[in-house]
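Colleague: sequence-free structure coming up:
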């Protein structure tokens, strides 16, 4: 596997008809156009070759899927990955015991 699939079990979590029916249906529905919402309004509009989960990554309903260009799919995936690896703020850490009371 290459890129983001390396070490991932996401492929196994996809429906069995993902590549034959699901993915092609979303790309057709979105006319192979990236649906990334731009900050200035509108959508990216670049050619799309990726299908992305809008919300819950385990929800494979068509309403929860969108076509994205490779650049925006990588951007979204990287942002999600960075959030999951971010350390907890100090107020969520357990208080440390003083060494003299251990």
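Modeller: That came in fine, so what should we check first? In this text the structure is predicted, and so the values were computed from the model without any measurement. Numbering: from 1, shown residues only.

Colleague: centroid-nearest residue for this protein?
Modeller: The centroid of the chain falls nearest to residue 77 when counting by C-alpha atoms, centre = their mean (4.4 Å).

Colleague: for the helix or strand containing that one, which residues meet the burial criterion?
Modeller: Using DSSP states H and E, residue 77 sits in helix 70-85. For helix 70-85, the neighbour count (16 or more other C-beta atoms under 10 Å) marks 72, 73, 76 as buried. No exception for glycine: its C-beta is placed from N, CA and C like everyone else's.

Colleague: same question, stretch 53-60
Modeller: By 16+ other C-beta under 10 Å, the buried positions in stretch 53-60 come out as residue 60.

Colleague: what's in contact with that stretch?
Modeller: Stretch 53-60 has contacts (C-beta atoms under 8 Å, 6 or more residues apart in numbering) with 10, 13, 14, 15, 18, 22, 64, 65, 66.

Colleague: quick one: distance of it to the chain centre.
Modeller: When distances are taken as C-alpha atoms, centre = their mean, to the nearest Å, stretch 53-60 is centred 8 Å away from the chain's centroid.

Colleague: and the end-to-end length of that stretch?
Modeller: End-to-end distance of stretch 53-60 (C-alpha to C-alpha, to the nearest Å): 7 Å.

Colleague: not counting sequence-adjacent ones, nearest residue to residue 66?
Modeller: The shortest distance from residue 66 to any residue other than its chain neighbours is 4.3 Å, reached at residue 35 (C-beta to C-beta, 6 or more residues apart in numbering).

Colleague: need the mean per-residue confidence for stretch 26-46.
Modeller: For stretch 26-46, the mean pLDDT works out to 97.
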